[in-house]
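Chemist: I need the structure of the sequence given here:
(chains A and B)
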Amino acid sequence: MIVIIDYGLGNLFSVAKAFESLGAPVTVSRDPTIVGAAERIVLPGVGAFGNGIRFLKERKLIPALHEAVLKRGVPFLGICLGMQLLAEHSTEYGEHQGFGWVFGAVIKLDITGAGLKIPHIGWNQVIFKKEHPLFLGIKQGADFYFVHSYELQPTDLEDLLAVSHYGKEMTAAVGRKNIVGVQFHPEKSQDNGLKLLRNFISWKP
Amino acid sequence: MLNIRLIPTILLKDGRMVKTKQFGVYKDVGNPKTVARIYDAQRADELIFLDITATVEGRRLLLEVIRSVAEECFMPLTVGGGIAATTDAREILRNGADKIAINTAAVNRPEFLDELAETFGRSTVVASIDYKQNVRGDNEVFTHRGTRATGLDPISWALEAERRGAGEIFLTCIDREGMMIGYDLETVRSVAEIVHIPVIAHGGVGTVQDLVDGIVIGKASAVAAASIFHFTDQSVFKAHAHMKEKGLPVRLL
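Modeler: The predicted structure follows:
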């Protein structure tokens, strides 16, 4: 069973429906027992970093995530904010600690001088830096939907799975072992996104 | 490279899709779910739903429409209309919307934008600004579907909305809405050049070239339209193809 973590913010509905449309049963839950026992975990998108981490702490979900993801090694997919939470810390609306599963920080997109707008909103090409089971069957440079003002900058480039260009090269996906995080929204990226989710369902890290 | 977004807008009243002219007289143009499905199949880059129902029953129907569209269209959805409290926003987001568009409530209480940004993140909050020429010939922001003057000018209001936490400006020229005579390029450009967040131009598109002009002359980040897809033979496909031909980066099949 795939457990989608419900941290009370944003659009979980689309993530759940996307998996269901692929024939994968999901549970949307904020119960640490259920999260701790999950076979696959998805931490979805929308919201501000501080609120997200506060909610996870209050609900005692962080130990449950540690248990499932770090100890039992179940496949984990973080989407947008769910990916940024993997970092060590963030500067969105103050200084906040993240999970620290990926070394690096979440900082405001720095594209000053490029005359570009922030947030970075829209469909952008994703360039895969590494081969990964989640990217199987997806064309290099395929378009995915992004909506964000911050990015995770991994300190270990081994963790950088994909990038995108917006005034500069920007992190689009990170991962190590059984953990993957994507900055874009696969559940909002039509066919390409559904392919990635289908790959996640069958991923055996 | 980031593609230019082409965004069909879907105006809702009591769960049906309608189309207005200058915010006045409206026509029923169909079932919003069917229309959304077509836009999805044609690879529209995003959809914006604006609800003009004021009743409790209409509200329930709005959630139902969003939910059923989000169930099968895995694409970005922005929803506006009557969102006046954080709980309204949460409800819309929980039913499948990705972004919320705030109009009247932000004018009434600008701090609402700060609160929403802090709760849901800046990128989730769209400031929807409707304006038209007032009797003095100046552009003025109107709320309540264009019926209530606010004394605000669209440029300074867009700046304040940005400062407070809007991640995007959805700018509608009421005088041009439904008229199919092209965007008010001058105002689009004045707003787009002064704010640092994306501006979506809306109101007036009658030809596919109007979309290109919105980007090239108006400097908008995204272009929204409705009538052109209903009352002409132009489709999202054809519009994208034309934009591509004119050298704009767009997403094609």
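Chemist: May I ask which helix or strand of the chain has the lowest mean pLDDT?
Modeler: Reading this off chain A. Lowest by mean pLDDT, DSSP states H and E among the helices and strands of chain A is helix A:49-58, with a mean of 89.
Chemist: ah, no, chain B please
Modeler: Scanning chain B with mean pLDDT, DSSP H and E, the lowest is strand B:26-30, at a mean of 88.
Chemist: show me where pLDDT drops low in the chain?
Modeler: Since no chain was named, I'll use chain A. Scanning chain A for pLDDT under 70 picks out A:10, A:46, A:113-114.
Chemist: not quite, I wanted chain B
Modeler: Ranges of chain B meeting pLDDT under 70: B:54, B:253.
Chemist: Tell me how many other residues surround B:Ala239.
Modeler: When neighbours are counted by other Cβ atoms under 10 Å in any protein chain shown, B:Ala239 registers 26. (Each C-beta comes from the backbone N, C-alpha and C, glycine too.)
Chemist: List the contacts of it.
Modeler: Counting by Cβ atoms under 8 Å, 6 or more residues apart in numbering or on different chains, B:Ala239 makes contact with B:Leu6, B:Val208, B:Leu211, B:Ala225, B:Ile228.
Chemist: Equivalent analysis for A:Glu151, please.
Modeler: Neighbouring residues of A:Glu151 by Cβ under 8 Å, 6+ apart: A:Gln84, A:Val106, A:Ile107, A:Leu109, A:Met170, A:Thr171, A:Gln183.
Chemist: can you check B:Leu152 too?
Modeler: Listed by Cβ under 8 Å, 6+ apart, the contact partners of B:Leu152 are B:Val107, B:Glu140, B:Val141.
Chemist: Give me the phi and psi for the residue nearest to the second one when sequence neighbours are not counted.
Modeler: Right, the one you point to is B:Glu140. Closest residue in space to B:Glu140, ignoring its immediate chain neighbours: B:Asn134 at 4.3 Å, by Cβ to Cβ, 6 or more residues apart in numbering or on different chains. When quoted as degrees, to the nearest 10, the phi and psi of B:Asn134 stand at phi -90, psi -180.
Chemist: my guess is B:Asn134 meets B:Arg148, correct?
Modeler: No - if you go by Cβ atoms under 8 Å, B:Asn134 and B:Arg148 don't touch, sitting 12.0 Å apart.
Chemist: the more surrounded of the two?
Modeler: Neighbours were counted for B:Asn134 and for B:Arg148 using other Cβ under 10 Å; B:Asn134 has more, 14 against 11.
Chemist: Against A:Asp191, how distant is A:Ala16?
Modeler: Plainly put, A:Ala16 is 19 Å away from A:Asp191 if you go by Cβ to Cβ, to the nearest Å.
Chemist: Looking at these two, which one has more neighbours?
Modeler: A:Ala16 (24 against 12).
Chemist: The more buried one and B:Gly96: what is the separation?
Modeler: 10 Å.
Chemist: cool, B:Ser221 as well?
Modeler: On the measure of Cβ to Cβ, B:Ser221 and B:Gly96 end up 24 Å apart.
Chemist: Give me the more crowded residue out of those two.
Modeler: It is B:Gly96, of B:Ser221 and B:Gly96, that has more neighbours when counted by other Cβ under 10 Å, with 25 against 22.
Chemist: Measure how far the longest helix seen in chain A is from the centre of its chain, please.
Modeler: Secondary structure assigned by DSSP state H gives helix A:190-202 as the longest helix of chain A. The chain centre lies 14 Å from the centre of helix A:190-202; the measure is Cα atoms, centre = their mean, to the nearest Å.
Chemist: ditto for stretch B:15-22
Modeler: On Cα atoms, centre = their mean, the centre of stretch B:15-22 falls 13 Å from the chain's centre.
Chemist: do the same with stretch A:173-191
Modeler: Distance, centroid of stretch A:173-191 to centroid of chain: 5 Å (Cα atoms, centre = their mean).
Chemist: show me where chain A has strands.
Modeler: For chain A, applying DSSP state E gives strands covering A:2-5, A:26-29, A:40-43, A:76-79, A:89-90, A:96-97, A:104-108, A:120-128, A:142-148, A:150-154, A:160-165, A:169-176, A:179-182.
Chemist: and the third one, which strands flank it?
Modeler: In other words, strand A:40-43. Strands adjacent to strand A:40-43 in the sheet, as given by DSSP bridges, are strand A:2-5 (parallel), strand A:76-79 (parallel).
Chemist: who's in contact with the first one?
Modeler: Contact with strand A:2-5 is made by A:12, A:15-16, A:19, A:24-30, A:34-35, A:38-44, A:56, A:61, A:65, A:82, A:201, as judged by Cβ under 8 Å, 6+ apart.
Chemist: now the residues you listed: which count as buried?
Modeler: A:12, A:15-16, A:19, A:24, A:26, A:28-30, A:34-35, A:38, A:40-44, A:56, A:61, A:65, A:82 (16 or more other Cβ atoms under 10 Å in any protein chain shown).
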